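Student: Using only what follows, build the 3D model:
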Amino acid sequence: MHINFDEIIDRRNTSCLKYDFAAERGYPKDILPFWVADMDFRAPVPVIDALKTRADHGIFGYTQIKDDYFNVLQNWFRTRHDWEIERSDLVITPGVVFAVATAIRAFTRHGDAVLIQQPVYYPFANMIRQNERVIVDNPLHLIEGRYMIDFEDFEEKIVEHGVKLFILCSPHNPVGRVWTRAELEQIAAICLRHDVIVVADEIHEEFVRPGFRHIPFASLSEEAAAITVTCTSPSKTFNLAGLQISNIFICDKDLRRRFKEELSRTGYDEPNTLGLAGAKAAYEHGTEWLTQLLAYIEENHARTKSFLTAHLPKVQIIAPEGTYLLWLDFRAYGLSDEALNEKIIHEAHLWLDDGPIFGAGGSGFQRINIACPWSTLEMGLKNLAQAFN
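Tutor: Numbers count the residues shown, from 1 in each chain. I've put the predicted structure just below:
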C-alpha cells in the first residue's frame, strides 16, 4: 500500500504542542513551526486500527505487559539491529526523558558529575541540573563538516570530575551523527575502565540514512551491556509521543533493581493502556510504513539541500547521518544569536530550535525538523530565503 506522506493534516486546535502553543511560548500565533521533534504524518493504519479496537472495548483499567508484547519487541530488535534482548531486561516508562531522569537519581548522588556531549538534546542538561547534579561537557568538535568525539578529553573529564554517569545520544540529536562501532567501542572501553554507567538514548535508532548503521551500545559486548541503560521508544519511529510509552532495557540485575526502585519512588506503575496497544501494533505491523517514511524523509533531505544550495548558499547543512532533524549553520551571516533568532521568527515567520539551547557549540546554528509534507517544508524554506535575501 502506498502511503501518502504529502497529505496535509491540520493539527491546529488539537492541543498540539507544535502548533497550538506558540503564543503561550512567546511566538507569533501564526508562526510556521519546525521545532519540536514530532512528525506531521498520520501514524500507521495498523496502529490506528489497534487503538480503535481497544477503545471500542470501553474499559481502560490498570494494565501490564504480557509476553506477547515482549515477543514483538524481541523480534523487532533482533531483525532490525541484530540485538538480542531478554524478557527480564525490559522496564516500561512513560518516556525517554523520564527514564534519563530516573537513571540520574538511581545511579548518582547530589553533587555527582554527569557527562554529556554538547551540543546535545537540551533535556539532558535540564535533568542533570534539576536533580542537583553537576554537568560535565565533553564537547563535540566540528571537523571538515562532521562532528567528532575528543576521546582524550572524554577520559580526562571522567577522571578529573569523578564522573559516575554518561548520557550517550545515539544517533546524536541535533548534529545527526550515527556513531561507528569503533567510536562506540572506544566509549565502552573508557567507561568500563572508570566504572561509568552509560545511559544510551537511542530513540532515533530507526532514522539512519543509507550507508550508515545504528549499533545498540549494549550489543557491543557482555561487558558493555552490563553498564548500560538503553532507552528506546516507538514515539519517534511511529509518531506516537502522546501515547507516553518507552521501552527501557537493563540487562544487569543490580542496575535494573536500582533503576526500578527509583522508578517506584516516582509513583509510576502501570503503563498507558492505549500506549501499549499502539506500540505493539506499530512494532508488529509498521515495517512497510516505516520503510516508505524513511524514503520520504530522505527525499525531503535531498530537496532541502538542493534548495539551500540554490537560494541560501551561505547556510551550511551539517550532513546528517541519522534523525529527521537538520543542523543548520548560519554563522556565515555574522549575526548574534539574538539577531539571528529575530530574523527567523519575525521576518521568516518560522519557529526553529535555537542552537544555543543545545549548549556549548550551538551558537550560530538552528535545528529544523523536516518530517513533514514537502509542501509545508518548501513553504518554510521559501520564507527563510525571502528573509535572508
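
Student: can we go C-alpha only for contacts and neighbour counts from here?
Tutor: OK.

Student: For stretch 374-389, which outside residues touch it?
Tutor: By Cα atoms under 8 Å, 6 or more residues apart in numbering, the residues outside stretch 374-389 that reach it are 6, 32, 300, 304, 307-308, 311-312, 343-344, 347-350, 370.

Student: Tell me the buried residues in that stretch?
Tutor: Residues of stretch 374-389 classed as buried: 374, 376-378, 380-385, 388 (neighbour count, 16 or more other Cα atoms under 10 Å).

Student: Make a markdown table from those residues and add secondary structure, distance to Q244 and pLDDT to it.
Tutor: Output for those, formatted as a markdown table (DSSP: H, G, I helix; E, B strand; the rest coil; distance: Cα to Cα, whole Å; pLDDT from 0 to 100):
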| residue | secondary structure | distance to Q244 | pLDDT |
| --- | --- | --- | --- |
| W374 | helix | 28 | 98 |
| T376 | helix | 27 | 98 |
| L377 | helix | 27 | 98 |
| E378 | helix | 31 | 98 |
| G380 | helix | 29 | 98 |
| L381 | helix | 32 | 98 |
| K382 | helix | 35 | 98 |
| N383 | helix | 34 | 98 |
| L384 | helix | 34 | 98 |
| A385 | helix | 37 | 98 |
| F388 | helix | 39 | 96 |
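
Student: Output those as CSV; include the columns distance to Y268.
Tutor: What follows is the buried residues of stretch 374-389, written out as CSV (distance: Cα to Cα, whole Å):
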residue, distance to Y268
W374, 39
T376, 38
L377, 38
E378, 42
G380, 40
L381, 42
K382, 45
N383, 44
L384, 43
A385, 47
F388, 48
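
Student: if I've got this straight, E205 is in a helix?
Tutor: No: in this structure, E205 is coil, not part of a helix, as judged by DSSP: H, G, I helix; E, B strand; the rest coil.

Student: check contacts around it.
Tutor: Listed by Cα under 8 Å, 6+ apart, the contact set of E205 reads 170-171, 214, 232, 323.

Student: residues making contact with the host helix or strand of C231?
Tutor: Here C231, judged by DSSP states H and E, is contained in strand 228-232. Residues from elsewhere that reach strand 228-232, judged by Cα under 8 Å, 6+ apart: 96, 99-100, 103, 197-203, 205, 216-218, 246-252.

Student: Find out how far it is from the centre of the chain, if you would.
Tutor: Remark: strand 228-232 is offset 13 Å from the chain centroid, using Cα atoms, centre = their mean, to the nearest Å.

Student: What sits closest to A99 if chain neighbours are left out?
Tutor: T93 (6.4 Å; Cα to Cα, 6 or more residues apart in numbering).

Student: how close does that neighbour sit to E84?
Tutor: T93 sits 20 Å away from E84, going by Cα to Cα, to the nearest Å.

Student: strand partners of the strand holding C231, parallel vs antiparallel please.
Tutor: Strand 228-232 has the following sheet partners, assigned by DSSP bridges: strand 197-201 (parallel), strand 246-249 (antiparallel).

Student: To K164, which of those strands lies closest?
Tutor: Across the strands paired with strand 228-232, K164 has its closest neighbour in strand 197-201 (6.4 Å, Cα to Cα).

Student: Restrict that closest one to CA atoms and write it as PDB.
Tutor: Provided in PDB are the C-alpha atoms of strand 197-201 (Å, rounded to 0.1, in the frame of the first residue of the first chain):
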ATOM      1  CA  ILE A 197      27.400   3.800  33.800                       C
ATOM      2  CA  VAL A 198      26.100   4.600  30.300                       C
ATOM      3  CA  VAL A 199      22.600   5.800  29.700                       C
ATOM      4  CA  ALA A 200      22.100   5.400  25.900                       C
ATOM      5  CA  ASP A 201      19.300   7.400  24.400                       C
END
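
Student: And for that strand, what's in contact with it?
Tutor: The contact list for strand 197-201 (Cα under 8 Å, 6+ apart) reads 96, 100, 103, 107, 164-170, 191, 217, 227-232.

Student: what is the rounded mean pLDDT of the helix or strand just after the strand holding C231?
Tutor: For strand 228-232, the succeeding helix or strand toward the C-terminus, using DSSP H and E, is helix 234-237. If you average the pLDDT over helix 234-237, you get 98.

Student: was I right about H349 contacting F34?
Tutor: No: judged on Cα atoms under 8 Å, H349 makes no contact with F34 at a distance of 10.8 Å.

Student: Please, where are all the helices along the stretch 1-150 of the chain?
Tutor: Using DSSP state H, counting those that start in this stretch, the helices of the stretch 1-150 of the chain run over 17-20, 45-57, 67-81, 96-107, 123-130.

Student: which one of the ones you listed has the most crowded surroundings?
Tutor: Highest mean neighbour count among the helices of the stretch 1-150 of the chain (mean count of other Cα atoms under 10 Å): helix 96-107, with a mean of 21.

Student: Please name every helix or strand in contact with that helix.
Tutor: Using 3 or more Cα pairs under 8 Å, 6 or more residues apart in numbering; DSSP states H and E, the elements in contact with helix 96-107 are helix 123-130, strand 197-201, strand 228-232, helix 253-265.

Student: any idea of the angle the third one forms with helix 96-107?
Tutor: Strand 228-232 and helix 96-107 are oriented at 160 degrees to each other (axes from the mean of the first three to the mean of the last three Cα atoms, to 10 degrees).

Student: Export strand 228-232 to CSV, keeping only CA atoms.
Tutor: Presented in CSV, the C-alpha positions along strand 228-232 are these (Å, rounded to 0.1, in the frame of the first residue of the first chain):
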residue,chain,number,x,y,z
THR,A,228,24.2,0.2,30.0
VAL,A,229,20.7,1.5,30.4
THR,A,230,19.2,1.5,26.8
CYS,A,231,16.4,3.9,26.2
THR,A,232,14.1,3.3,23.2
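
Student: show me what contacts P123?
Tutor: P123 touches V97, counting by Cα under 8 Å, 6+ apart.
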